[in-house]
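>>> Structure, please.
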Amino acid sequence: MQDDITIIHGLSSAALAEVRRIERQKNYLWPGAIGSAMVRWRSFVHQPNRRLWDDESGGCTEWACCGDPWRAREYLEAMILAMSRRRARELRCLVEALDRRY
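As a prediction, the model looks like this:
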């Protein structure tokens with residue numbers, strides 16, 4: 001766990017509140033999980049060698065250090081699906097911008 005509070009620049013306070021509520025409800029998430037996933041996905045997408053990612057390399061398996069960018073993207077998608085339509089639209093807009101860059 002990297003953060004205990006989710007902060008995602010570009011989301012309204014209402015959307016952030018919904019993200020925090022869902023993080024507390026889902027047993028596969030933790031407080032700050034989606035903010036951490038957004039940072040992980042954004043940093044991966046902006047890496048010049050992103051297409052060379054090796055799923056089999058394993059890394060150290062610690063989320064805070066070598067977290068899997070594909071798992072980060074899956075967390076973001078799960079959150080989008082769990083949110084209300086109106087609030088999900090905000091997060092989807094941010095994630096899809098990164099997806100287009102990838």
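>>> What pLDDT is listed against Ile8?
Confidence at Ile8, expressed as pLDDT, is 93.
>>> could you point out where this structure is predicted with low confidence?
1-4, 50-66 (pLDDT under 70).
>>> 80 - rerun?
For the chain, residues meeting the criterion pLDDT under 80 lie at 1-6, 48-67.
>>> Look up phi and psi at the residue most central in space within the chain.
The centre of the chain sits closest to Ala37, judged by CA atoms, centre = their mean, with a distance of 2.7 Å. Main-chain dihedrals, Ala37, degrees, to the nearest 10: phi -60, psi -40.
>>> Contacts only, for it.
Contact analysis of Ala37 by CB atoms under 8 Å, 6 or more residues apart in numbering lists Arg71, Ala72, Arg73, Tyr75, Leu76, Met79. Placement of C-beta: from N, CA and C, glycine included.
>>> how many neighbours does the second one have?
What it means is Ala72. Ala72 has 22 neighbours, counted by other CB atoms under 10 Å.
>>> Could you name the helices and strands sitting against the helix or strand containing it?
Assessed by DSSP states H and E, Ala72 sits inside helix 69-82. Helix 69-82 sits against helix 13-25, helix 33-46, helix 85-101, with contacts defined as 3 or more CB pairs under 8 Å, 6 or more residues apart in numbering; DSSP states H and E.
>>> Identify the residues contacting it?
Against helix 69-82 from outside (CB under 8 Å, 6+ apart): 19, 22, 26, 28-29, 33-34, 36-38, 40-41, 44-45, 50, 53, 55, 88, 91-92, 95.
>>> Now tabulate the helices and strands packed on helix 69-82 in a markdown table and tack on distance to Ile7.
Formatted as a markdown table, the helices and strands packed on helix 69-82 follow (distance: least, CB to CB, whole Å):
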| stretch | distance to Ile7 |
| --- | --- |
| helix 13-25 | 7 |
| helix 33-46 | 5 |
| helix 85-101 | 13 |
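>>> Return the most buried member of the ones you listed.
Among those, helix 33-46 has the highest mean neighbour count (mean count of other CB atoms under 10 Å), at a mean of 21.
>>> Quick one: work out the angle between it and helix 69-82.
130 degrees (axes from the mean of the first three to the mean of the last three CA atoms, to 10 degrees).
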